[in-house]
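pasting a predicted model and its sequence here:
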Amino acid sequence: MKLTVNSKEILKAVQLVGNLIKSQSIVPILDCVLFNIEEGVLYLEADNLEVRSKYQMPVEFFGNYFTCIPYALLVNMLKGFPDGPVEFEFSDKEVLLISAGGKYKIPLENAIDFPKNKHEDAAEAIVINSLELVEGLKKALVFLGNDLTAWDSTVLITIDEKETRIAGGTGKAFYEEVLPIGAAPAKIPLSKSTVAYLVNSVSIEETMAISYIDNKVFFTLENRLITAIKPSAPYPNYISLFDKMVNDKTYKIEKDTLLPPLKRLANITDKDQTIVKFSFKEDGLILEYANDFKQYNAVETLQIDYSGEELITGFPANQIISILNFTHGDTTMELSLAAKPCLITQGSMRFLVAAMRPNENQTPKA
C-alpha cells in the first residue's frame, strides 16, 4: 500500500498533533501517531490520555487503512527531506519512506492498541477567535503553579451571556482577562498541559468552537478536533478576591520607567528570594534589594505619578515583570496596606499580586 504526500505538509500535520506526545511514555503506543485513511481522507491522531488531537487532510489513496508510526522517528526523518513528494510504502510491520532518492525504514506499532476515540455529543458553548483565546491562555500559563493535582495549575474559562473570562494564577499572582464574547453560562477548567498544548499548536487565526460535556471539552477548528479531559480539582471563587479589595493609593505605571530598573534588580536577586522592596513616597518610588549574606545591595529611585499616603511593601520582581510584559497602554497599580495585595489593571486585564514584606536583613544599610 502506497501513499504519496508533500513532505512539508505532512510534517506540519504530524507535528500539530504530535506536540502533545510526552517523551518516553511507559505505554509505547502513546509515543505514536495514528495514521487512519478513510475514503480519501487521512486522519492523524495523537493521545496522551489527557489530551487527544486529530487532524484531517485529503489524500489520493484507494481503500481504507490504519496503522501507528513512532512520532519522534517520523518527525526527525521528515525534517531532513526537501520540499516535495514523499512516498509512504506500508507493509505489515514497517513503513518505507522514499524521498529524493533516499529510503528510510520505520517499524510500525499495532494500531489496535491505540486508545479508542469515544465520540460524545456536546452542545456548542461558544465560538471564538482562535488567537484571542490563545493569547489569553498564554498569559494565564505564566502565572500557574506546578502542582498538577491542585486548582492553581488550572485555567478557568467562565462564560455568561455577555462575556468570557479567562483566569489563572496562584497565591503569589493571579490574572484575569475579559473578552466581549457571550454564550450560554458555563465554567470550563483546563489543565496546565492542555493549555500548553493549545498555546504551542494553535497559531493560525480561525474560528474555534468550544463545546463540552461533564468531563471533557472539545476545541473544533477547520481541520482539527482537540479533546481534553477536565481537571477535577474544585476552583475557588477568585472573583471575591477582587471584589473585597478596598484601595486608597494609586500608582499610574509608566512601563518604560518601571520595567528597566526592576529588571536590573531582578538580575541580582537570589533564585529563592526575588522580593524587591517598594517604597512609595509622594511623587517618588524607591526600589531596593540587598543580600547581606553576599554583601551586596542595590537601590533605584524613580519619579512617578503616585497619590496616597507613604507606603513601604514588597513584591516578587519576576511577577511584576511578567505582568508589565503583557501591558501595552495605560496601566494602574492600586494599593491599600503594606500586607495587602496590589491590583494592577490595564484595559480588559487585571492582576492581583501578593505583597511580601522584605526581610529586615535584606534592607540596604544607610
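Now that the structure is in, tell me what you want to look at.

how does this structure divide into domains?
2-113, 124-236, 245-362 (automatic domain parsing).

tabulate those (a markdown table), appending mean pLDDT and mean neighbour count.
(Each C-beta comes from the backbone N, C-alpha and C, glycine too.) Formatted as a markdown table, the domains of the chain follow (pLDDT from 0 to 100; neighbours: other CB atoms under 10 Å):
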| stretch | mean pLDDT | mean neighbour count |
| --- | --- | --- |
| domain 2-113 | 93 | 16 |
| domain 124-236 | 94 | 18 |
| domain 245-362 | 91 | 16 |
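
you'd agree Asp92 is in a helix?
No - using DSSP: H, G, I helix; E, B strand; the rest coil, the secondary structure at Asp92 is coil, not a helix.

now do the phi/psi pair for it.
In terms of degrees, to the nearest 10, the main-chain angles of Asp92 are phi -60, psi -40.

quick one, what contacts it?
With contacts defined as CB atoms under 8 Å, 6 or more residues apart in numbering, Asp92 is in contact with Leu108.

if I look at it, how far off is Glu309?
79 Å (CB to CB, to the nearest Å).

and if you look at Leu221?
For Leu221, the distance to Glu309 - CB to CB - is 52 Å.

list the contacts of stretch 115-122.
Contacts of stretch 115-122 (CB under 8 Å, 6+ apart): 29-30, 45, 47, 49, 52, 54, 211-213, 216, 218, 227.

restricting to C-alpha, output it in CSV.
Extracted C-alpha coordinates of stretch 115-122, given in CSV (Å, rounded to 0.1, in the frame of the first residue of the first chain):
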residue,chain,number,x,y,z
PRO,A,115,-6.6,4.4,22.6
LYS,A,116,-10.1,4.4,21.2
ASN,A,117,-11.7,7.7,20.3
LYS,A,118,-15.1,7.7,22.1
HIS,A,119,-17.0,10.4,20.4
GLU,A,120,-19.6,12.1,22.6
ASP,A,121,-22.1,14.7,21.5
ALA,A,122,-21.8,18.1,23.3
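
now that stretch: buried residues?
Across stretch 115-122, burial judged by 16 or more other CB atoms under 10 Å covers Ala122.

how far out from the middle of the chain is that stretch?
25 Å (CA atoms, centre = their mean, to the nearest Å).

is it correct that Pro107 is in contact with Leu96?
No - Pro107 is not in contact with Leu96 according to CB atoms under 8 Å; the separation is 11.1 Å.

in a helix, Glu9, correct?
Yes - assessed with three-state DSSP, Glu9 lies in a helix.

check the gap between the residue nearest to Leu3 when sequence neighbours are not counted and Lys216 for me.
Nearest residue to Leu3, sequence neighbours excluded (CB to CB, 6 or more residues apart in numbering): Phe88, at 4.3 Å. Note on Phe88: its distance to Lys216, by CB to CB, is 32 Å.

grab the nearest non-local neighbour of Phe326.
Spatial nearest neighbour of Phe326, chain neighbours left out: Lys139 (5.4 Å); criterion: CB to CB, 6+ apart.

quick one: contacts for that neighbour?
By CB under 8 Å, 6+ apart, the neighbours of Lys139 are Ile166, Tyr175, Glu177, Phe326, Met349.

packing partners for whichever strand or helix holds Val75?
For Val75, the enclosing helix or strand under DSSP states H and E is helix 71-80. Helix 71-80 is packed against helix 7-18, strand 32-38, strand 102-107, with contacts defined by 3 or more CB pairs under 8 Å, 6 or more residues apart in numbering; DSSP states H and E.

pull the CA atoms of it into CSV?
Provided in CSV are the C-alpha atoms of helix 71-80 (Å, rounded to 0.1, in the frame of the first residue of the first chain):
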residue,chain,number,x,y,z
TYR,A,71,6.3,10.1,16.3
ALA,A,72,9.9,11.0,17.1
LEU,A,73,11.4,8.8,14.3
LEU,A,74,8.9,10.0,11.8
VAL,A,75,9.4,13.7,12.5
ASN,A,76,13.1,13.5,12.6
MET,A,77,13.2,11.9,9.2
LEU,A,78,10.6,14.2,7.6
LYS,A,79,12.6,17.3,8.8
GLY,A,80,15.5,16.2,6.6
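
distance from that helix to the middle of the chain?
For helix 71-80, the distance to the chain centre is 25 Å (CA atoms, centre = their mean).

where does Lys116 land in three-state SS?
Assignment for Lys116 (three-state DSSP): coil.

state the distance from it to Asp214.
19 Å.

tell me the contacts of Asn274?
Not quite, residue 274 is Thr, not Asn. Thr274 makes contact with Ala266, Pro316, Ala317, Asn318, according to CB under 8 Å, 6+ apart.

ok, now with 6 Å
Applying CB atoms under 6 Å, 6 or more residues apart in numbering to Thr274 gives the contacts Pro316, Ala317, Asn318.

again, but for Val199
Here Val199 is in contact with Val134, Leu137, Lys138 (CB under 6 Å, 6+ apart).

that one in helix, strand or coil?
helix.

so that it lines up with my notes, have the first residue be 15 from now on.
Yep, numbering from 15; the last one is Val213 now.

which residue ranges form the helices in the stretch 115-264 of the chain?
144-156, 206-215, 253-257 (DSSP state H, counting those that start in this stretch).

give me the angle between the helix holding Val89 and strand 116-121.
Here the directions of helix 85-94 and strand 116-121 differ by 170 degrees (axes from the mean of the first three to the mean of the last three CA atoms, to 10 degrees).

what are the contacting residues of helix 85-94?
By CB under 6 Å, 6+ apart, helix 85-94 touches Ser21, Leu25, Gly32, Ile35, Asp45, Val47, Leu111, Tyr118, Ile120.
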